[in-house]
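In: after the sequence you'll find the predicted model.
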Amino acid sequence: MSFERENIRKMSGYASGEQPEDESTLKLNTNENPYPPSPQVSKVLATFKAESLRRYPPATAARFRGLAAELHHVSPNNVIATRGGDELLRLAITTFVDPGECIGVTQPTYSLYPVLAQIQNCPIVEVPLLDNWALPENFAQQMNQSKVKLTLLVNPHAPTGTLLDYDRISLLASDLDSILLLDEAYIDFVEGPYPTTELINEHGNIIILRTLSKGYSLAGLRFGYGIAAEPLIDPMMSKTRDSYNLDHLSQLIAEAAILDQEHAKKTWLRVIDERRRLQNALLGLGLTSPPSQANFLLVSVPASCGLSAADIYQKLKEKHILVRHFGGPGLDDKLRISIGTIEENNHLLSTLEQILA
Ligand SMILES: Cc1ncc(COP(=O)(O)O)c(C=O)c1O
């Protein structure tokens, strides 16, 4: 006999990227920032007093929210701090979507979305991207016709790295009957200004997801935040969030990291430079990828290679290099490769050259 709810019993859960135990494996499979976090983070760790853990942490992460609000020119009431971007996704679903109501996504998309929908027992409405990974013109109409309550859109898109036009997002928000959750986990790696946070002043149905996991090199910390108009932030903040969702040490580290914009930006620029170089070098090996504005490339393995994407994934793994092979519709012949440091990318390239020779 099972005590699980029917929908939980039927689902298989989220498959995280592989986490090798040995330090020598080159990890290019989970889009972590290849550079260390701000030195201010080490300072916080060195001076943190264990005694302060006796007390509960600041309940609403007010200091962090104040800093994020300043950075994005919004009010602290427009910001919620969460345990990774993932907690914001879960909060948005449990706060705004009843079990049985539809959640809309593109196909492909972040593989956690369908899992969160299954937990809430919500059908998923999937709209396939076009061959060039663009959003179909009638995307909003398809969502509205299916009575979608929450549309989840990654931008820059995962796993392709493609970026939506700012005006297109604004139009989409106007056309949609649902909430539009813009998942900007990779926004820090976009070249040039891209001020989407302004959209929350024009559109009462947009929630923007941000994370410190990628742009601030803090995937191990589990810290993210949401930005939206107050009527969207308030119920998550005051009703559905765990009362102390962020521990004291995490809050101090996140504050130090977001304050050190200069350090973070340096890592973004290095990733952007390496993205360009890696993409060209891969092209030289016959491996194409769409223009990416994220810290990864979605690389196609042509049939002329003589090896499938799954073969290359396996051969790289044997040589202690991890990349991601999702498989499934449109992704069978593709590998998602995170951008590493110059040395890491050189190692990847020379290994790929051997494999393909
Ligand atoms: C598209 C996308 N959104 C959100 C997240 C959540 O990141 P985190 O929970 O680490 O903040 C990730 C993590 O890989 C992601 O790829």
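Out: Nice, I can see it. Residues are numbered from 1 along each chain as shown.
In: got the contact list for H157?
Out: The neighbours of H157, taking Cβ atoms under 8 Å, 6 or more residues apart in numbering as the test, are 106, 109, 129, 133, 163-164, 294. Backbone N, C-alpha and C define where each C-beta goes, glycine included.
In: buried subset of the residues you listed, written for ChimeraX?
Out: Remark: buried members of the contacts of H157, expressed as a ChimeraX selection using 16 or more other Cβ atoms under 10 Å:
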select :106,109,129,133,163,164,294
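In: now the contacts of H157 as a markdown table including distance to the ligand, secondary structure and pLDDT?
Out: Shown next, in a markdown table, are the contacts of H157 (distance: Cβ to the nearest ligand atom, whole Å; DSSP: H, G, I helix; E, B strand; the rest coil; pLDDT from 0 to 100):
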| residue | distance to the ligand | secondary structure | pLDDT |
| --- | --- | --- | --- |
| T106 | 11 | strand | 98 |
| T109 | 8 | coil | 96 |
| L129 | 14 | coil | 96 |
| W133 | 15 | coil | 94 |
| L163 | 13 | coil | 96 |
| L164 | 14 | coil | 95 |
| A294 | 9 | coil | 98 |
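In: just the contacts of H157 now: which is nearest S75?
Out: S75 has its nearest neighbour among the contacts of H157 in L164, at 25.8 Å by Cβ to Cβ.
In: so what's the closest one closest to, chain neighbours aside?
Out: Closest residue to L164 apart from its sequence neighbours, by Cβ to Cβ, 6 or more residues apart in numbering: N155 at 4.9 Å.
In: count of residues packed around that neighbour?
Out: Applying other Cβ atoms under 10 Å, we find 26 residues neighbouring N155.
In: just P195 next, same as before
Out: Neighbour count for P195, taken as other Cβ under 10 Å: 9.
In: need the contact list for it.
Out: Neighbour list for P195: Y166 [criterion: Cβ under 8 Å, 6+ apart].
In: also the one 4 residues further on?
Out: With contacts defined as Cβ under 8 Å, 6+ apart, the neighbours of L199 are 169-170, 173, 182, 206, 208.
In: quick one: the helix or strand hosting it to chain centroid distance?
Out: Counting by DSSP states H and E, the element that carries L199 is helix 199-202. Remark: helix 199-202 is offset 21 Å from the chain centroid, using Cα atoms, centre = their mean, to the nearest Å.
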